[in-house]
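Peer 1: Model the following, please.
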Amino acid sequence: MAILVRSGNEKWKSLSPSIFSNEAELQKMLYDSPELVPIKNDDEVGVFIREAGLPGSGSTDLLGVDSQGNILIVETKLARNQEVRRKVVGQILEYGAFLWRMPFDDFDEFFIRRRSKSVLALLAEQKPGLAIDEVREAVRRNLSDGKFHLLIAVDQINTELERIISYFAECGGGIQLEALELELYSHDKTQILVPNRFGTRNDDSASIGRNKLLTMHEVLNRANGVARERLQELVDLWSSFGNRIEPGTQGASFKADIKGRLHPIFWAYPNVLQAAFGELVKRGAPEAPILDFRQVVAEFKGFDQNKVLNGAQPTAKLEELSREEIKSFVGTAQSLVLEWRDEVSRK
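Peer 2: Predicted structure coming up:
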C-alpha cells in the first residue's frame with residue numbers, strides 16, 4: 001500500500017519508508033510513547049519498564065501494567081530478523097510461563113529496580129484517584145491465573161506470523177496473543193506511523209464484566225470454606241463499630257470516618273486480607289498506633305513478619321488466620337481509628 005502526501009494544491013508525493021536501525025529503536029519508540037501499545041480500554045493508562053530480566057528466560061523488551069491491572073508483555077522484532085517467525089512466539093510464551101503464579105511483591109520488584117517506584121505508585125501518578133487496592137488484587141489474580149496480554153511488535157508482519165496470530169485469536173483459549181505492525185514513513189521532518197493490529201478478539205464483554213463493582217454479597221460468594229468464614233467475621237466486626245465497607249471490582253475496602261473523610265484502614269478480598277500501613281502513613285494517621293498495629297499483626301502466623309514490620313501492604317491468606325486473630329486485627333485497627341480521631345480533634 002502506497003502512502004501519499006501533499007501540501008495545499010501540490011502534487012501527491014509518495015512517502016519514503018523509514019527503516020528502524022535495530023530492534024532497540026523500535027522498543028524505545030514504544031517505551032517513550034506508551035499510548036501506541038494497545039490496551040483494553042482507551043481511557044485507561046499503562047506504565048512500562050524495559051528489559052525486565054527474567055532469570056532463565058532472558059529479558060522482556062517491555063513489561064507493563066494498565067490501570068485495570070492487566071499485565072502486558074511486549075516483544076519487538078524487525079522483519080529482517082529470522083526470529084520474527086516462530087521463535088518469537090515461543091519466546092513470548094516462555095516469558096508468560098515464567099511470570100505465571102509469581103507473587104505480586106516479586107513482580108513489583110521489576111518496576112522498583114527499573115524505575116525506583118512500585119508499579120502501583122507509577123500508575124497512581126498517571127491516573128490520580130486510582131483505587132490501588134483493587135488494581136493490586138487484579139494484578140495478583142492475573143499473575144496467579146496466568147492471564148497476560150502478549151504483544152509482538154514488528155515493523156512489518158509476515159504471512160507466517162500473521163497466521164500464527166490468527167490461530168491464537170480463533171483457537172487459543174484463554175491466551176491473548178496479538179501482533180502490532182508499526183510501519184514508519186517520513187516526509188521532510190515529519191514522521192508518519194501506520195499501526196495495524198492482528199489477532200484482536202471481539203470477546204471483551206467477559207473482561208468488562210470482571211471490572212464491574214461487586215456487592216458485598218458477591219465478594220463473600222467468591223470465597224470458600226474457612227476463608228469465607230473469616231471474611232464474614234471481618235465484615236461483622238468492622239460494621240459493629242459503625243465503620244464503612246465499600247466493595248470494589250475484586251474485593252472490599254474497610255474504611256473509617258476521620259473528621260468527615262473516609263480513609264481505607266485495610267482491605268480484604270475473597271481469599272486475602274491486606275493491611276494498608278503505607279496508605280495510613282500517607283494519609284497522616286499517627287505513627288504510634290500504626291506501629292502498634294504492625295507489631296500486633298507481625299505475631300500472626302499467616303503474615304510474613306518482615307513484610308508486616310517494614311512493608312506497605314502485607315497480605316495473608318484468610319484461611320491461615322484464626323478467629324481470634326481476626327478479632328485482634330479488627331480490634332487493633334479500631335484502636336488506631338479512635339486515636340486518629342482524637343489527634344485530629346485536638347488540632
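
Peer 1: could you measure residue 334 against residue 191, distance?
Peer 2: 59 Å (CB to CB, to the nearest Å). For every residue, glycine as well, the C-beta is placed using N, CA and C.

Peer 1: cool, and residue 27?
Peer 2: Distance from residue 27 to residue 191, by CB to CB: 17 Å.

Peer 1: Show me which of these two is the more surrounded one.
Peer 2: residue 27 (20 against 12; other CB atoms under 10 Å).

Peer 1: And what about that one, helix, strand or coil?
Peer 2: Classification of residue 27 using DSSP: H, G, I helix; E, B strand; the rest coil returns helix.

Peer 1: Next SSE downstream of the strand of greatest length in the chain?
Peer 2: The longest strand of the chain (DSSP state E) is strand 176-187. Next in sequence after strand 176-187, counting helices and strands by DSSP states H and E, comes strand 190-198.

Peer 1: Run through who's touching that next one.
Peer 2: Strand 190-198 has contacts (CB atoms under 8 Å, 6 or more residues apart in numbering) with 3, 5, 15, 18, 36, 38, 157, 162, 165-166, 178-186.

Peer 1: Phi, psi for the nearest residue in space to residue 107 that is not next to it in sequence please.
Peer 2: Leaving aside its sequence neighbours, residue 107 sits nearest to residue 143 (CB to CB, 6 or more residues apart in numbering; 5.9 Å). Dihedral angles of residue 143 (phi, psi; degrees, to the nearest 10) stand at phi -60, psi -40.

Peer 1: so what's residue 143 scoring on pLDDT?
Peer 2: Residue 143 carries a pLDDT score of 93 in this model.

Peer 1: cool, the one 4 residues further on as well?
Peer 2: According to the predicted model, the pLDDT of residue 147 comes to 91.

Peer 1: Residue 3 now?
Peer 2: 75.

Peer 1: can I assume it is in contact with residue 12?
Peer 2: No - counting by CB atoms under 8 Å, residue 12 is not a contact partner of residue 3; they are 10.2 Å apart.

Peer 1: quick one, which of these two is more surrounded?
Peer 2: More neighbours surround residue 3 than the other of residue 3 and residue 12, with 14 against 8 (other CB under 10 Å).

Peer 1: Tell me who's in contact with that one.
Peer 2: With CB under 8 Å, 6+ apart, residue 3 has these contacts: 14, 15, 185, 192, 194.

Peer 1: just the buried members of these?
Peer 2: 15, 185 (16 or more other CB atoms under 10 Å).

Peer 1: Can you name every helix or strand that the longest strand of the chain contacts?
Peer 2: If you count contacts as 3 or more CB pairs under 8 Å, 6 or more residues apart in numbering; DSSP states H and E, strand 176-187 packs onto strand 16-17, helix 86-99, strand 148-154, helix 159-171, strand 190-198.

Peer 1: what about 7 Å?
Peer 2: Other elements packing on strand 176-187 under the criterion 3 or more CB pairs under 7 Å, 6 or more residues apart in numbering; DSSP states H and E are strand 16-17, strand 148-154, helix 159-171, strand 190-198.

Peer 1: ranking these by burial, who's on top?
Peer 2: The highest mean neighbour count among those, using mean count of other CB atoms under 10 Å, belongs to strand 148-154: a mean of 24.

Peer 1: looking at the helices and strands packed on strand 176-187, which is closest to residue 80?
Peer 2: strand 148-154 (10.4 Å; CB to CB).

Peer 1: can you map out the strands along this protein?
Peer 2: Using DSSP E, strands in the chain cover 4-5, 13-14, 16-17, 46-54, 58-66, 71-77, 148-154, 176-187, 190-198, 244-247, 252-258, 261-268, 272-275, 315-317.

Peer 1: Quick one, which of the helices and strands packed on strand 176-187 gets closest to residue 345.
Peer 2: strand 148-154 (48.2 Å).

Peer 1: Read off the pLDDT value for the closest residue to residue 279 other than its chain neighbours.
Peer 2: The shortest distance from residue 279 to any non-neighbouring residue, by CB to CB, 6+ apart, is to residue 264 (5.7 Å). pLDDT, residue 264: 93.

Peer 1: quick one, what contacts residue 264?
Peer 2: 133, 253, 254, 255, 276, 279 (CB atoms under 7 Å, 6 or more residues apart in numbering).

Peer 1: got it, and residue 18?
Peer 2: 184, 185, 186, 191 are the contacts of residue 18 under CB under 7 Å, 6+ apart.

Peer 1: rerun at 10 Å
Peer 2: 155, 183, 184, 185, 186, 187, 191, 192, 193 (CB atoms under 10 Å, 6 or more residues apart in numbering).

Peer 1: Also residue 88?
Peer 2: Taking CB under 10 Å, 6+ apart, one finds 75, 76, 77, 81, 82, 152, 154, 161, 164, 179 in contact with residue 88.

Peer 1: okay if I get the residues you listed as JSON lines plus pLDDT and distance to residue 243?
Peer 2: Output for the contacts of residue 88, formatted as JSON lines (pLDDT from 0 to 100; distance: CB to CB, whole Å):
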{"residue": "75", "pLDDT": "93", "distance to residue 243": "47"}
{"residue": "76", "pLDDT": "92", "distance to residue 243": "49"}
{"residue": "77", "pLDDT": "90", "distance to residue 243": "53"}
{"residue": "81", "pLDDT": "80", "distance to residue 243": "58"}
{"residue": "82", "pLDDT": "74", "distance to residue 243": "61"}
{"residue": "152", "pLDDT": "93", "distance to residue 243": "48"}
{"residue": "154", "pLDDT": "92", "distance to residue 243": "53"}
{"residue": "161", "pLDDT": "86", "distance to residue 243": "54"}
{"residue": "164", "pLDDT": "87", "distance to residue 243": "53"}
{"residue": "179", "pLDDT": "89", "distance to residue 243": "49"}
